[in-house]
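Trainee: sequence first, then the predicted structure:
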Amino acid sequence: MKQSNVIKVCLVAVPLGITLIGVFSLIYSFTTPASKSREGGRSVLNKNVLSTAEELSSWAKRQTNDIGPRPWSNSDKTRVTAKWIESELSEENIGYRPKITFLGDNKNYRMIEADLPGEKSPNEVLLVISSFSSPDTGLGANTGASQTSILLGLARYFVNTENSRSLRFVAFPSSYSNVDGKQILGSSYVCKKSKRASEKIIGVIEIGSLGYFSDAENSQPSWVKNNIQLPSKGNFVAMIGDEFSHQSLGSIFSGFSKTSKLPVHKVLLSNNQLEAFSGLSQFRADGYPIIRISDTGKLRYPFHRKDTDTHDKIDYHKMAELLKVFSSVIAAELNP
C-alpha cells in the first residue's frame, strides 16, 4: 500500500476508533450500577453484595497481623482498632456515616454505630452488636477478629438497602475504665446509650466468635459449670438466649435452621444461667430480647488465649456461608 493511502486510512480510522470508544464508554456508564471500587474488589455503592471468604480473611488479618493483640486493657490498641472500624464503615469505604461515642472519660474507648434508617417504621430498630476486643493474651483471631469481620460483612451487605425497619450496627470494646479506674463492661454502655428517644428496640443480635468448626467427635465440650448440655461435635452454630428472647426473635432461629448448611443448636437459658452471660443479662434486665450467635468461643476453640491463636485457624469459607444466612435472616426481620 502506498504511503499516501496509509495516511488516508489512518486519518479515517483513528477518529472513528476514538468515537467508538467514546460511545461504548457512555453506554457503559449508563448501564453499569454506580460503584466505588477499592482494594479487594469491594464495591461501596452497590447493595446486597456478600463479602467473600477472602475479604473476611483480609479484615481478620488486619486485626491480628497489623494491629495485633487488642485487649480492652490496652487503651492505645483499643483506640487504633476502633478508628480502623470507623474507617472501614465510612463513606469512603463501605458507605456509612459512623457515629462515635466516647465511653467514660478516656477517649481511647469508643463505641462505633452505623445506622440504616427504615422506610416504613423507622422507630423500630434491630441492633446488631459485637465486641472488637481480643482476650487479654493471644491475637484474638476467633474472639474479636472473626465477629468484627462478620459485622463489617453485614454492614457491607445492607448498605443502601431499603427496609421497613431500621438497622443499627454497633461495635464496642469488651470493657472500659471509668474515671476511678474501675472496669465496666462495654455491653452495659451499649445497652444504655444505643437507644434513641422515641425508638423501640425490637431485638438485639449479638455476634460472638464464629470462625472455628470441627466435625471430630468430642470436639465440643458442654457448659458443665452452667449445666448446659451441647452436641459432642463442634460443627454447629449456637443461638443463646432466654425463653423471652427466643420467643420474641423466633424468626431468627427458624430462619437460621432453614437456610444454614451448618447445624444450628438452640441454647435456652434459665434466669440463673443467664447471669453467666453478662452481655445478655444486661440487655434482658432492660427489657430487650437478645440472642447471641456464636461457635461457643473458648469452650470449643483450643487456641483461646494462646500464641497459636492466629488467623489461619479460622474457617473463612464457613464464615462466608454464615454471612449469607445472617443477611437473609436479618432482611426478613427488617421487613416482616
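Mentor: All right, it came through fine.

Trainee: the strand ranked longest in the chain pairs with which strands, parallel or anti?
Mentor: Among the segments of the chain that qualify as a strand by DSSP state E, the longest is strand 121-131. According to DSSP bridges, strand 121-131 forms sheet pairs with strand 165-172 (parallel), strand 200-207 (parallel).

Trainee: need those in JSON lines with mean pLDDT and mean neighbour count, can you?
Mentor: For every residue, glycine as well, the C-beta is placed using N, CA and C. Below are the strands paired with strand 121-131 laid out as JSON lines (pLDDT from 0 to 100; neighbours: other Cβ atoms under 10 Å):
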{"stretch": "strand 165-172", "mean pLDDT": "97", "mean neighbour count": "24"}
{"stretch": "strand 200-207", "mean pLDDT": "95", "mean neighbour count": "22"}
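
Trainee: for Leu334, find the nearest of these.
Mentor: Nearest of the strands paired with strand 121-131 to Leu334, taken as Cβ to Cβ: strand 165-172 at 4.6 Å.

Trainee: for that closest one, C-alpha coordinates in CSV please.
Mentor: The C-alpha trace of strand 165-172 is given here as CSV (Å, rounded to 0.1, in the frame of the first residue of the first chain):
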residue,chain,number,x,y,z
ARG,A,165,-37.5,-1.2,60.0
SER,A,166,-34.2,0.5,61.0
LEU,A,167,-31.0,-1.4,61.4
ARG,A,168,-28.1,-0.3,63.6
PHE,A,169,-24.6,-1.8,63.8
VAL,A,170,-22.7,-1.3,67.0
ALA,A,171,-19.0,-2.2,67.6
PHE,A,172,-17.5,-1.6,71.1
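
Trainee: any idea how the chain splits into domains?
Mentor: 1-32, 37-334 (automatic domain parsing).

Trainee: so where do the strands sit in the protein?
Mentor: 37-38, 42-43, 99-102, 110-116, 121-131, 165-172, 175-177, 183-185, 200-207, 237-242, 264-269, 290-294.

Trainee: from Tyr176, how far off is Thr137?
Mentor: 19 Å (Cβ to Cβ, to the nearest Å).

Trainee: pick out whichever of the two has more residues nearby.
Mentor: Tyr176 (27 against 13; other Cβ atoms under 10 Å).

Trainee: that one bridge partners, please.
Mentor: Ile184.

Trainee: so what pLDDT did it get?
Mentor: pLDDT recorded at Tyr176 is 76.

Trainee: next: Val6.
Mentor: 44.

Trainee: what does the one 4 residues further on give?
Mentor: According to the predicted model, the pLDDT of Cys10 comes to 47.

Trainee: tell me how far Thr296 lies from Tyr212.
Mentor: Thr296 is 9 Å from Tyr212, by Cβ to Cβ.

Trainee: who touches both of the two?
Mentor: Gly234 (Cβ atoms under 8 Å, 6 or more residues apart in numbering).

Trainee: ok, back up a step: can I get the strands of the chain in TSV including distance to Asp307?
Mentor: Below are those laid out as TSV (distance: least, Cβ to Cβ, whole Å):
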stretch	distance to Asp307
strand 37-38	32
strand 42-43	31
strand 99-102	32
strand 110-116	28
strand 121-131	21
strand 165-172	26
strand 175-177	23
strand 183-185	25
strand 200-207	25
strand 237-242	26
strand 264-269	30
strand 290-294	23
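
Trainee: how about those, which one is nearest Leu323?
Mentor: Between those, strand 200-207 lies closest to Leu323; by Cβ to Cβ that is 10.4 Å.

Trainee: contacts for that closest one?
Mentor: Residues contacting strand 200-207 (Cβ under 8 Å, 6+ apart): 123-130, 147, 150-151, 165, 187, 194-195, 245, 248-249, 252, 279-280, 283, 288-294, 330, 333.

Trainee: buried subset of these, written for PyMOL?
Mentor: In PyMOL, this line selects whichever of the contacts of strand 200-207 come out buried by 16 or more other Cβ atoms under 10 Å:
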select buried, resi 124+125+126+127+128+129+130+147+150+151+165+187+194+195+245+248+249+252+279+280+283+288+289+290+291+292+293+294+330+333
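
Trainee: pull the contacting residues for the nearest residue to Asp307 once chain neighbours are set aside.
Mentor: Ranked by Cβ to Cβ, 6 or more residues apart in numbering and with sequence neighbours excluded, the top spatial neighbour of Asp307 is Gly138, at 6.6 Å. The contact partners of Gly138, by Cβ under 8 Å, 6+ apart, come to 69, 303-307, 309.

Trainee: what do you get for Lys195?
Mentor: Here Lys195 is in contact with 125, 201 (criterion: Cβ under 8 Å, 6+ apart).

Trainee: can you report phi and psi for it?
Mentor: phi -90, psi 130 (degrees, to the nearest 10).

Trainee: low-scoring stretches of the stretch 201-336 of the chain, by residue?
Mentor: Nowhere does the stretch 201-336 of the chain drop to pLDDT under 70.
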